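# Starting from these lines, generate the structure:
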Amino acid sequence: MATDYWSAPPSWAGQTGYLVCGGPSLIGVDLEPLRGRNVVAVNSSFLIAPFADYLVFGDVRWWNEADNQAAIRDRFEGEVVAVHGTAGAKGHRFRRLHRADPKKGLATRRDTAAMARTVTTAGLNLLVHLGVTRIVIFGLDQRRDDEGRCHHHPPHRWKNKPGNRSWDAHMKELSFTVEPLEQLGIEVINASPASRIDWWPKRDPCEVLAELGSGELAAMAGVADGVHAVAPHAEPLPAASAAPVPPASAGTLITEPYRALNAELHQSRPDYGRRGDRHASVVTKLMARWKTEDVLDYGCGKGRLAAALPNVRSYDPAVPAHAADPGPADLTVCTDVLEHVEPDCLDAVLAHLRDRTRFKCYAVISLKPDRSKALPDGSNPHRIVKPLAWWRERLGRYFWVDAARESANGAEAIFHMRPRWDAITVVTFLWQARPGMEAYGPQHVNTMARMVARHLKMPHRFVCITDRVDGIEAETLPLWPEIAQARPPKRLSCYRRLRLFAADAGDWLGRRILMLDLDGVISGPLDPLVDRPEPFVIWHDPLFGRSAKSTGRRASNGSSGTDATAPAGRGTRQRVPYNGGMWLLTAGARRQVWDDFDPATSPAKGSELGYIGSDQRWIGYRLGPDEATWGQADGVLSYRYDVKDRPLPAEARVVWFHGQPKPWHARMRAVPWIAEHWR
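The predicted structure follows:
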């Protein structure tokens, strides 16, 4: 039985997660359309979803029933997650999470889940840790059906309390998750129309499953069983089939006649543009969530949000005092603005808003005409009056829409979004090698540039940062002198690459940066790898989390078959969570990697965790193990551990030759797939 605690990885970042609960509304419902999706089942719900990725439980009585363990062994295909307090559970190896008090909200530590009376709370918390931005819950009835049944599966051996007492306690506990989920921008759909829980929009489960089967889940939801339904979040499409991201803003944000009308209304109506401070509480929570005080109120009106919160910058082209074009901010707030935009200017405004957003945008849009005032020419100030689904589609051209919902009165649409980038700068490095080190040259830069050009359709700029420009057939920038050598002195320093994390990197490289080593072979489309919503993505080290035995390699501490993530003792070396050969960065994100780096002391700090390597060791130490990553499932592979002596996998996009051999070595050039792609 496992005795350590599992840190749930954000492996479903930006996706939809499905939680299958035990309510009787699932009797007769075929959940097969969920197969292959991101599914968590609670307790005996695995019986109708044996394909779930995770089964989570928190009651040792349930676990120790022999019938349940036998069914899990015979039918369940995924991993079992136990919440602390199940120390008496026997008969199976499972991942374990600490238990936290749900009254304090969802647990933020990835090795912990909130739960007291219902494991559904832990299931929701697990999905949050896994990184989802939308949750669809099945079977959350919290009541008996018309025939008196409590569950879709055989009843538990312990009985429910009379009436609704058990469910009342469950509902109280689940209510503590509502505000944290909203603060995180996670949309929740309750696929149980008869559910007693009414704080999440409801949909019919069969309709949701039918849409999954037909690929129409992103379509606008109508009205199901008389209950208003909010359209679920559309999954990001693969770049090959997605509409191209519009280019940077260059059009007209507001016409001069309309600017004059708004300026006149601002002067004549003191109440016009004074509602920004009503969002101060939400913005404060978003600032805490994103750990930033860099906030831009876009379309600020009279600047009431800035008056309520320190450090908020204000911008509004219709207000002379705030009309200066702002620089980008970590968080942009755009409330009661977009409905006022002239229709012909909307694309320019959305591109401008995106280009001023580094990481997160919070938008509130009125869905109704303005009944309280008119512009001086008698027209309605709300130039665009459209439903939530229309706005989702238009915003989705410029942003990843993490969550979208209507306000309780249906008058407003509320969006949590992250920018989609229209262009990217691909960066690689070339510097003079020390004697005895693998020699890289201009030919390797030129080959990488050609591979990128063949496989990256997004508009991009290819830059080599180097101390030797001769022979390079791409744009070059001079290699900076900072940390040219960092300790240990015997190692050629890759630490100089950390300069890409500096706050000003965007000034000379642009807003979105893809860093690539030179010892890789690109064999498939890169666009799905770079069209990601996260501010930072890095290649997951191919050995981190794998046993040495599974790779046929002795562990770095000299033993064999030990877990590469096991805690390292003094003098023991283990793999770092990330490999520095490939990372994607929004300029200014994770700036602490550069700001906190001291060439004299920082390289040794990763050794405290037993990490190996140079810049990747510091990145792992400073950022921790929970960043978004690429791995085998994304087609980012290690030649040594994923491809050697095997055919090139069909899903491969990039194969990295860290260590030896290199793809340009003579014997490797004889491998057909390398000869085909490394050119």
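
# per-residue pLDDT, the residue lying closest to residue 130 once chain neighbours are set aside?
In space, and not counting its chain neighbours, residue 130 is closest to residue 12: 4.3 Å by Cβ to Cβ, 6 or more residues apart in numbering. No exception for glycine: its C-beta is placed from N, CA and C like everyone else's. On pLDDT, residue 12 comes in at 89.

# ok, now which ones touch residue 12?
38, 127, 130-132 (Cβ atoms under 8 Å, 6 or more residues apart in numbering).

# Residue 19 and residue 405: what is the separation?
Using Cβ to Cβ, to the nearest Å, residue 19 is found at 18 Å from residue 405.

# show me where pLDDT drops low in this structure?
Regions of the chain meeting the criterion pLDDT under 70 cover residues 1-4, 84-93, 145-148, 155-165, 213-250, 273, 433-438, 481-493, 543-576, 606-613.

# Show me the strands in the stretch 501-650 of the chain, by range?
512-516, 520-522, 536-540, 578-586, 628-630, 636-638 (DSSP state E, counting those that start in this stretch).

# can I get those in TSV with distance to residue 304?
Converted to TSV, the strands of the stretch 501-650 of the chain look like this (distance: least, Cβ to Cβ, whole Å):
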stretch	distance to residue 304
strand 512-516	33
strand 520-522	50
strand 536-540	33
strand 578-586	29
strand 628-630	35
strand 636-638	47
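
# who wins for proximity to residue 267 among those?
strand 578-586 (39.0 Å; Cβ to Cβ).

# list the helices and strands the closest one packs on?
For strand 578-586, the elements it packs on are strand 512-516, strand 536-540, helix 615-623, strand 654-656, judged by 3 or more Cβ pairs under 8 Å, 6 or more residues apart in numbering; DSSP states H and E.

# Now render the ones you listed as a markdown table, adding mean neighbour count and distance to residue 77.
Compiled in a markdown table, the helices and strands packed on strand 578-586 are given as follows (neighbours: other Cβ atoms under 10 Å; distance: least, Cβ to Cβ, whole Å):
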| stretch | mean neighbour count | distance to residue 77 |
| --- | --- | --- |
| strand 512-516 | 22 | 35 |
| strand 536-540 | 23 | 23 |
| helix 615-623 | 23 | 32 |
| strand 654-656 | 25 | 29 |
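
# Pull the number of nearby residues for the closest residue to residue 293 other than its chain neighbours.
Leaving out its chain neighbours, the residue that sits closest to residue 293 by Cβ to Cβ, 6+ apart is residue 311, at 4.5 Å. Each residue near residue 311 was counted by other Cβ atoms under 10 Å, and the total is 10.

# ok, residue 97 - contacts?
Neighbouring residues of residue 97 by Cβ under 8 Å, 6+ apart: 5-6, 8, 81-84, 111-113, 122, 126.

# same question, residue 374
If you count contacts by Cβ under 8 Å, 6+ apart, residue 374 has them with 380-381.

# Any chance of the backbone angles for it?
Dihedral angles of residue 374 (phi, psi; degrees, to the nearest 10) stand at phi -140, psi 160.

# now it: how far from residue 335?
21 Å.

# ok, now residue 39?
According to Cβ to Cβ, residue 39 stands 35 Å off from residue 335.

# Counting neighbours, which bits of the one helix or strand residue 182 maps to end up buried?
Taking DSSP states H and E as the definition, residue 182 sits inside helix 178-183. Across helix 178-183, burial judged by 16 or more other Cβ atoms under 10 Å covers 180-183.

# Report the distance from whatever helix or strand comes next after that helix to the chain centre.
Moving toward the C-terminus from helix 178-183, the next helix or strand (DSSP H and E) is strand 187-191. Put simply, strand 187-191 sits 19 Å off its chain's centre (Cα atoms, centre = their mean, to the nearest Å).

# Put the alpha carbons of strand 187-191 into CSV.
Extracted C-alpha coordinates of strand 187-191, given in CSV (Å, rounded to 0.1, in the frame of the first residue of the first chain):
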residue,chain,number,x,y,z
GLU,A,187,-17.1,27.0,-15.5
VAL,A,188,-19.3,24.3,-14.0
ILE,A,189,-22.3,22.6,-15.8
ASN,A,190,-24.6,20.4,-13.7
ALA,A,191,-25.8,17.7,-16.1
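
# Tell me the helix or strand right after it.
Next helix or strand after strand 187-191 toward the C-terminus (DSSP H and E): helix 205-214.

# by contact count, what packs against that next one?
When contacts are defined as 3+ Cβ pairs under 8 Å, 6+ apart, helix 205-214 packs onto strand 187-191.

# Any chance you could list what contacts the strand it packs on?
Contacts for strand 187-191 (Cβ under 8 Å, 6+ apart): 133-138, 140, 181, 197, 200-205, 208, 229-230, 232-233, 402-405.

# at 7 Å what do you get?
Residues from elsewhere that reach strand 187-191 (Cβ atoms under 7 Å, 6 or more residues apart in numbering): 134-138, 140, 181, 197, 200-203, 205, 208, 232-233, 403-405.

# Give me the angle between it and helix 205-214.
Counting by axes from the mean of the first three to the mean of the last three Cα atoms, to 10 degrees, strand 187-191 lies at 120 degrees to helix 205-214.

# tell me which residues in strand 187-191 are buried?
Going by neighbour count (16+ other Cβ under 10 Å), the buried part of strand 187-191 is 187-191.

# now swap in stretch 420-434 and tell me
For stretch 420-434, burial by neighbour count (16+ other Cβ under 10 Å) applies to 420-422, 424-431.

# Please apply the same query to stretch 291-303.
Under the neighbour-count criterion of 16+ other Cβ under 10 Å, stretch 291-303 has 292, 294-303 buried.

# now, the most widely separated pair of the residues you listed?
292 and 302 (24.0 Å).

# Please report the distance of residue 622 from residue 501.
As judged by Cβ to Cβ, residue 622 and residue 501 stand 9 Å apart.

# tell me, what's touching the two both at once?
Counting by Cβ under 7 Å, 6+ apart, the residues touching both residue 622 and residue 501 are residue 593.

# related to what we said a few turns ago, between the helices and strands packed on strand 578-586, which one is nearest to residue 669?
strand 654-656 (14.2 Å).

# what's the helix or strand following the closest one packed up against?
Remark: after strand 654-656, the chain's next helix or strand is helix 666-669, criterion DSSP H and E. Counting contacts by 3 or more Cβ pairs under 7 Å, 6 or more residues apart in numbering; DSSP states H and E, helix 666-669 packs against no other helix or strand.

# Go ahead and measure how far helix 666-669 is from the middle of the chain.
Centroid separation between helix 666-669 and its chain, computed with Cα atoms, centre = their mean, is 39 Å.

# And for stretch 293-301?
With Cα atoms, centre = their mean as the basis, stretch 293-301 stands 24 Å off its chain's centre.

# Can you tell me what sits against it?
Outside stretch 293-301, the residues that touch it by Cβ under 7 Å, 6+ apart are 273-274, 276, 283, 287, 305-306, 311-316, 319, 322, 326, 329-334, 337, 353, 356.

# Quick check: residue 480 touching residue 497?
No - using Cβ atoms under 7 Å as the test, residue 480 is too far from residue 497 to be in contact (10.3 Å).

# and the two? which has more neighbours close in?
Between residue 480 and residue 497, counting by other Cβ under 10 Å, residue 497 is the more crowded of the two (21 against 12).

# On the three-state scheme, that one is what?
Counting by DSSP: H, G, I helix; E, B strand; the rest coil, the backbone at residue 497 sits in helix.

# what residues are up against it?
Contacts for residue 497 were tallied using Cβ under 7 Å, 6+ apart; they are 429, 515, 615.

# Helices of the stretch 101-250 of the chain, start to end?
119-129, 165-175, 178-183, 205-214 (DSSP state H, counting those that start in this stretch).

# Return the set of buried residues in the second one.
Meaning helix 165-175. By neighbour count on 16+ other Cβ under 10 Å, the buried set for helix 165-175 is 166-167, 170-171, 173-174.

# helices or strands up against it?
helix 119-129.

# could you check the angle strand 187-191 makes with the helix it packs on?
Angle, helix 119-129 to strand 187-191, by the same axes, to 10 degrees: 140 degrees.
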